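Chemist: task: produce atomic coordinates for the following.
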Amino acid sequence: MIDLTTGYLGLKLRTPLVASSSPLSKDLGSILRLEDGGASAIVLHSLFEEQIQVESGELDRYLTESAESHGEALNYFPEMSSFAFGPEPYLNHIRKAKESVDVPVIASLNGVSTGGWIRYAQMMEQAGADALELNIYYMPTDLEMTGEKVEEIYTDLVSHIKASVRIPVGVKIGSQFTAIANMARRLDNAGADGLVLFNRFYQPDFDLEALEVVPNLVLSDSNELRLRLHWVALLHNRIRPDLAITGGVHTAEDVLKSVMAGARVTMMTSALLRHGTDYLAKVEEDLVDWMEEHEYESILQMRGSMSSQNVAEPAAFERANYMKVLSSYSLKSTAG
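Modeler: Residues are numbered from 1 along each chain as shown. Coordinates of the predicted model:
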């Protein structure tokens, strides 16, 4: 019998297949389908900082200041009707989800400032969330803002929230840090129980006919996985927080690679949006088939087996591999 169980944020999960934060977790019916499909845990859609700011009257000031500095800034902000303002609808969603499913429910906060986050994190805990994911999205456009200050914003937020709640806290970050390994250690020191690598930041596109900046949502594919594999393999067993991979997880092979790099769980969104929630069952079936064929008995047995500490050539994760790849490509391209 293949043992797919794993642990993440102090939670025992049936498999490493987790439904990441997405529109699928905004609807209770979809949450039920995710559980039926095989999700071992569900990360709810995020409560955005802008929703909290509206409740406190701060958003009006934010938008006014933005409009004064950027003439069309108001046009870029989503319609207010698309948000259910204030935390109460979100807290009710946590309660209903917890009443309806048996798998762990992880709440998600999306923002950067400390302020009301402490109170809302506590309210999410009280509403029954099994854990909290901080989905930190900060775009430093200030010419005077240093990288050190940006990192301080992240670590301060994590340490303040960790001090205010008893449930585990995971931190979802992007890959645009100058020194990712050091940033991971700093988040470890700030108290993060898990790191989710990496957030996918959506960049706007240009409409050349209308001469407008337009939103552009592109779903991930398996090619995006390699950056995540690289850093999880480098960080495995070097920091305390559990490691999770999100972005580029589409197949059982992607899950296997992620676990072998050192991830405790893999989080899926794009694949489920493309194929539906039942797709989780296929990935799990393919995962079991591969493990049986290759005589693996458990997820634990393979975890970290391809990390930088366990592979025969750890230099494959370092600069030496960069030179090797370029040299190899040059030889192949001139061979014909």
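Chemist: what's the local residue count around Leu300?
Modeler: 15 (other CB atoms under 10 Å). Every residue, glycine included, has its C-beta placed from N, CA and C.
Chemist: buried ones in the strand or helix carrying it, by neighbour count?
Modeler: Leu300 belongs to helix 299-302 when assigned by DSSP states H and E. Buried residues in helix 299-302, defined by neighbour count with 16 or more other CB atoms under 10 Å: Ile299.
Chemist: how about the CA coordinates for it, as PDB?
Modeler: Written as PDB, here are the backbone C-alpha positions of helix 299-302 (Å, rounded to 0.1, in the frame of the first residue of the first chain):
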ATOM      1  CA  ILE A 299       6.200  10.100   0.000                       C
ATOM      2  CA  LEU A 300       8.500  10.400   3.000                       C
ATOM      3  CA  GLN A 301      11.000   7.900   1.400                       C
ATOM      4  CA  MET A 302      11.500  10.200  -1.600                       C
END
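Chemist: shaky segments in the stretch 51-200 of the chain?
Modeler: The stretch 51-200 of the chain contains residues with pLDDT under 70 at 51-86, 111-116.
Chemist: mind running it again at 80?
Modeler: 51-86, 111-117, 137-139 (pLDDT under 80).
Chemist: go on, the stretch 201-336 of the chain?
Modeler: Checking the stretch 201-336 of the chain against pLDDT under 80 turns up 201-203, 216-217, 311-336.
Chemist: strands of the stretch 151-300 of the chain, start to end?
Modeler: Secondary structure of the stretch 151-300 of the chain by DSSP state E, counting those that start in this stretch: the strands cover 169-173, 194-197, 205-207, 212-214, 242-246, 265-268.
Chemist: so for Glu224, which of these sits nearest?
Modeler: When the strands of the stretch 151-300 of the chain are compared by CB to CB, strand 242-246 sits nearest Glu224, at 9.8 Å.
Chemist: so which elements touch the closest one?
Modeler: strand 6-8, strand 169-173, strand 194-197, helix 225-235, strand 265-268 (3 or more CB pairs under 8 Å, 6 or more residues apart in numbering; DSSP states H and E).
Chemist: buried deepest among those, which one?
Modeler: strand 265-268 (a mean of 28; mean count of other CB atoms under 10 Å).
Chemist: that strand pairs with which strands, parallel or anti?
Modeler: Here strand 265-268 is paired, per DSSP bridges, with strand 17-19 (parallel), strand 242-246 (parallel).
Chemist: go ahead and name everything in contact with the shortest one.
Modeler: By CB atoms under 8 Å, 6 or more residues apart in numbering, the surrounding residues in contact with strand 17-19 are 8, 25, 34, 38-43, 244, 255, 265-269, 272, 277, 280, 283-284.
Chemist: how about Tyr279, what does it touch?
Modeler: Going by CB under 8 Å, 6+ apart, Tyr279 touches Gly37, Ala271, Leu272.
Chemist: distance of the first one from Val165?
Modeler: To Val165, Gly37 is 29 Å away according to CB to CB, to the nearest Å.
Chemist: contacts only, for Val150.
Modeler: Contact analysis of Val150 by CB under 8 Å, 6+ apart lists Tyr138, Pro140.
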